[in-house]
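> next input, structure requested:
(2 chains)
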Amino acid sequence: METIQIILLIIFFVASIVGYLVINNVPSLLHTPLMSGMNALSGVTILGALLATAVGVKQMPILSYILGSIAIISAMINVVGGFGITDRMLHIIAKRGGKHGK
Amino acid sequence: MANNFLWLISPPFPSWIYCLICTILVIGVLVGIALMSNVKHAITGNRISAICLLIGIIITFVYHRMLPVWLLYIDIAIGSVIGVWFAVRVKMIQVPQFVALLNGLGGLSSAIVGIFSLYKMGADGSVFSSVAAIVAIIIGSVTFTGSIIAALKLQKVISGKRTILKGHNIYLIACMVAMVLSIVLVFLPSIANNTVLLVISLISASLFGLLFSIRVGGADMPITISLLNSCSGVAAGVAGLATGEVLLVGIGALVGASGLLLTQIMCKAMNRKLCAILLGKGKKNSSDKNVHIDNENDRNHTDENAKKDPINIIKSAKSVIIVPGYGMAIAQAQHLVKELAEWLKDNKATVKYAIHPVAGRMPGHMNVLLCEANVEYEDLYEMKDVNKEFVNTDLTIVVGANDVINSAAKHIEGTPIYGMPILNVDECQNVIIFNYDTKAGYAGVDNPIYSKTDGVYLVLGDAKATIKDILDKLKK
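Numbering: from 1, shown residues only, chains lettered A, B, ... in the order given. You can find the predicted model right below:
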């Protein structure tokens, strides 16, 4: 295994542990927005899709572009739709809190 | 960072800068998630995460010299437009199925990245990246089919009930064996080439997601979505291992782990064991029939109850707890419920909303729906805070809730919801229930409260119409 692969594995595990620790005492009010926000974040796979498609189209242009387009469009809907709906939800919640200066 | 790509002349800046930026972005996302656990900072948190992802996309374009590949922009534009359209158009009540759908798309994308990596596009083709690619294909496909089935069930395109095939477990185990086999075969390139690996992993994982998701029914759906959400994070992380992208690995793993923790929080709220849901256990149907028969006998009583007039009780109540359920949201009655609460407050009664952790179709879903109807969130009480107060409260008003007040969860062993903590509505001296009918709720268990005669008033019909009727009478 190369150094870079070991580094990647370390990042994977450290991020897992940190991710496990960061969620604490979330009020149930925020469970739904938190879930949809994290769902949007899992669309980070867009980066992989972009890179893979960019490489792929140089080798097998048509097939790669079709497959890559599905990946990029899906991931992009995931990201944009996810962050958008989360923002909308949080605004609805915040609007309520604002009145009481909370 | 190793440069695996022959077509790539040289990155525009040293790899350590790229790694540094990625690290900062991962920390940014971490801060974003942390901020999202706090009502005050949640909007900022969400935006920080979004901006980090945007910077991540730009950095990827610049670092890998992909800016001239203009075809990519078309896809990004199409995806963004559809995403925005969804984000604006989706109703709050549809959020659970929307999240499930998005989740499936994320999984699909990760699986495709895995396929590219397997064929050495965007990856170096080492054993390490091939294994990661296969794992990404597997987790991504499971997430995709599982989430789509979940979304279809929630949208009621297909039946929300548990579907169990003959020999369900055998099929699931067979799929799992095939998935493990495809990973093992990576190490034996002489036996199977990439295409064989791809076909085995893709088919077995897709089937697994399908079989897994159709077996989950009713009340366990929120947990399944949360679990699949965690899976799509892991899929992205593993896809990152395959393509060697720091950002993907970092954020993917982060989402995977925090998603898993959120799943556990939900399990705790529902008193369910994650393993039991995974294995499809916990639902013995043996005593269901008995409960059902008992209720049939008592239906006559409930009809009599329905005729009684609850107006006087509402007028004389000084402390009221409102229990909203998914039915209220379907009937779009939240604004009328709020109006009823206002009337009660004007009548010098204290009003509290009791929110069950899984009211709605997702934990916290009900809170969002009520906030949308301008209910102050200071009035919303979590189950553990309000449950002791039912005994000393004059009146409980239930609107479209069923499973979360079903005392079968306490007394009748073997029902699907047995052991789930419920709101102690049955302890309150006066209960008015606005429900469409007396049929069983989403979990499919009849509710003994409907056959109670003392102090339980049933107002059947569309909640919007019935509450309006009550309000008109009160205001006279």
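> excluding chain neighbours, what is closest to residue 44?
The chain I'm using is chain A. residue B:251 (4.4 Å; Cβ to Cβ, 6 or more residues apart in numbering or on different chains). C-beta here means a position set from N, CA and C on the backbone, and glycine is covered the same way.
> correction: the question concerned chain B.
Residue B:44 sits nearest to residue B:35 (Cβ to Cβ, 6+ apart), 5.7 Å away.
> verify the stated contact: the one you found with residue B:28.
No: the pair residue B:35 / residue B:28 is not scored as a contact, 10.6 Å apart, by Cβ atoms under 8 Å.
> between these two, which contacts overlap?
Residues touching both residue B:35 and residue B:28 (Cβ atoms under 8 Å, 6 or more residues apart in numbering or on different chains) are residue B:48.
> how far does the lengthiest helix in chain A sit from its chain's centre?
The longest helix of chain A (DSSP state H) is helix A:61-98. Helix A:61-98 sits 9 Å away from the centroid of its parent chain (Cα atoms, centre = their mean, to the nearest Å).
> kindly report the same for stretch A:54-70.
That offset, for stretch A:54-70, works out to 23 Å (Cα atoms, centre = their mean).
> and it with chain B, contact?
Yes: using Cβ under 8 Å from any Cβ of the partner chain, stretch A:54-70 reaches chain B at A:54-59, A:64-65, A:67-70.
> and that stretch, how far apart are its ends?
Length of stretch A:54-70, first residue to last, Cα to Cα, to the nearest Å: 14 Å.
> and the contacts of that stretch?
The set of residues external to stretch A:54-70 that reach it, using Cβ under 8 Å, 6+ apart, is A:49, A:52-53, B:5, B:7, B:64, B:66, B:69, B:71-72, B:74-75, B:78, B:108-109, B:112, B:115-116, B:121-122.
> of those, buried ones?
Among these, those classed as buried by 16 or more other Cβ atoms under 10 Å in any protein chain shown are A:49, A:52-53, B:5, B:64, B:66, B:69, B:71-72, B:75, B:108-109, B:112, B:115-116, B:121-122.
> so which of the residues you listed sit within helices?
A:49, A:52-53, B:71-72, B:75, B:108-109, B:112, B:115-116.
> low pLDDT regions in the chain?
You didn't say which chain, so I picked chain A. Chain A contains residues with pLDDT under 70 at A:1, A:24-25, A:96-102.
> please go with chain B instead
Chain B contains residues with pLDDT under 70 at B:1-9, B:218-219, B:270-272, B:275-309, B:413-418, B:438-444, B:451-453.
> show me how the record splits it into domains.
In terms of domains, chain B is parsed into B:1-89, B:96-278, B:288-475 (source: automatic domain parsing).
> how about residue B:203, nearest residue that isn't a chain neighbour?
For residue B:203, ignoring the flanking residues on the chain, the nearest one in space by Cβ to Cβ, 6+ apart is residue B:178 at 7.7 Å.
> buried residues in the helix or strand hosting that neighbour?
Per DSSP states H and E: residue B:178 is located in helix B:168-185. Residues of helix B:168-185 classed as buried by neighbour count (16+ other Cβ under 10 Å): B:172, B:175, B:178-179, B:182-183, B:185.
> likewise stretch B:88-102?
Those would be B:90, B:92-102, for stretch B:88-102 by 16+ other Cβ under 10 Å.
> before we move on, the earlier item: quick one, which of the domains of chain B is packed in tightest?
domain B:96-278 (a mean of 23; mean count of other Cβ atoms under 10 Å in any protein chain shown).
> contact residues of the stretch 201-350 of chain B facing chain A?
For the stretch 201-350 of chain B, the residues found near chain A under the criterion Cβ under 8 Å from any Cβ are B:225-226, B:229, B:232-233, B:235-237, B:239-262, B:265-266, B:269.
> how far off centre is stretch B:350-368?
In terms of Cα atoms, centre = their mean, the centre of stretch B:350-368 is set 14 Å apart from its chain centre.
> mind saving the C-alpha coords of that stretch as CSV?
Extracted C-alpha coordinates of stretch B:350-368, given in CSV (Å, rounded to 0.1, in the frame of the first residue of the first chain):
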residue,chain,number,x,y,z
THR,B,350,-52.7,26.8,29.3
VAL,B,351,-51.9,25.1,26.0
LYS,B,352,-49.0,22.7,25.4
TYR,B,353,-48.2,20.7,22.3
ALA,B,354,-46.9,17.3,23.1
ILE,B,355,-44.6,16.1,20.3
HIS,B,356,-43.7,12.5,20.1
PRO,B,357,-40.1,11.9,18.9
VAL,B,358,-41.4,10.2,15.8
ALA,B,359,-44.6,12.2,15.2
GLY,B,360,-44.9,12.7,11.5
ARG,B,361,-42.9,10.5,9.2
MET,B,362,-39.5,11.5,10.5
PRO,B,363,-38.1,12.6,13.9
GLY,B,364,-38.6,16.3,14.2
HIS,B,365,-40.9,16.4,11.2
MET,B,366,-43.9,17.5,13.3
ASN,B,367,-42.0,20.4,14.8
VAL,B,368,-41.2,21.7,11.3
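> how about residue 45: what's its closest non-neighbour residue?
Since you didn't name a chain, this refers to chain A. residue B:236 (3.9 Å).
> my question was about chain B, not that one.
According to Cβ to Cβ, 6+ apart, the nearest residue to residue B:45 is residue B:35 (2.9 Å).
> phi, psi of the one you found?
Dihedral angles of residue B:35 (phi, psi; degrees, to the nearest 10) stand at phi -70, psi -30.
> list the contacts of it.
Contact analysis of residue B:35 by Cβ under 8 Å, 6+ apart lists B:41-42, B:44-45, B:48.
> repeat that for residue A:84.
Contacts of residue A:84 by Cβ under 8 Å, 6+ apart are B:83-84, B:86-88.
> rerun at 7 Å
By Cβ atoms under 7 Å, 6 or more residues apart in numbering or on different chains, residue A:84 lies in contact with B:83-84, B:87.
> quick check: closest non-adjacent residue to residue A:76.
Per Cβ to Cβ, 6+ apart, closest to residue A:76 is residue B:79, 2.4 Å.
> assign a three-state SS to residue B:459, would you?
Three-state assignment for residue B:459 (DSSP: H, G, I helix; E, B strand; the rest coil): strand.
> which strand residues bridge it?
When bridges are called by DSSP bridges, residue B:459 pairs up with residue B:434.
> so it versus residue B:381, what's the distance?
Distance, residue B:459 to residue B:381, by Cβ to Cβ, to the nearest Å: 23 Å.
> the residue nearest to residue A:44 contacts residue A:43, doesn't it?
No: because the distance of 9.6 Å does not satisfy Cβ atoms under 7 Å, residue B:251 is recorded as not touching residue A:43.
> show residues contacting the helix or strand that contains residue B:354.
Assigning secondary structure by DSSP H and E places residue B:354 in strand B:350-355. With Cβ under 7 Å, 6+ apart as the test, strand B:350-355 has contacts from B:319-324, B:341, B:344-345, B:366-367, B:370, B:375, B:379-383, B:386, B:423.
> can I assume residue B:42 is in contact with residue A:91?
No: under the criterion of Cβ under 7 Å, residue B:42 is not in contact with residue A:91, lying 9.8 Å apart.
> list the residues that contact the residue nearest to residue A:76.
A:72-73, A:75-77, A:80 are the contacts of residue B:79 under Cβ under 7 Å, 6+ apart.
> and with 6 Å instead?
Counting by Cβ atoms under 6 Å, 6 or more residues apart in numbering or on different chains, residue B:79 touches A:73, A:76-77.
> thinking again about what came up before, tell me the contacts of the residue nearest to residue A:45?
A:42, A:44-45, B:110, B:248, B:252.
> between the residues you listed, which is nearest residue B:310?
Set against residue B:310, the nearest of the contacts of residue B:236 by Cβ to Cβ is residue A:42 (47.2 Å).
> give me the distance between the closest one and chain B.
Taking Cβ to the nearest Cβ, to the nearest Å as the measure, residue A:42 falls 4 Å from chain B.
> could you pull out the strands for the stretch 351-476 of chain B?
Listed in chain order, the strands found in the stretch 351-476 of chain B under DSSP state E, counting those that start in this stretch are B:380-382, B:395-399, B:431-435, B:456-460.
> could those go into JSON lines alongside distance to residue B:409?
Formatted as JSON lines, the strands of the stretch 351-476 of chain B follow (distance: least, Cβ to Cβ, whole Å):
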{"stretch": "strand B:380-382", "distance to residue B:409": "17"}
{"stretch": "strand B:395-399", "distance to residue B:409": "15"}
{"stretch": "strand B:431-435", "distance to residue B:409": "16"}
{"stretch": "strand B:456-460", "distance to residue B:409": "17"}
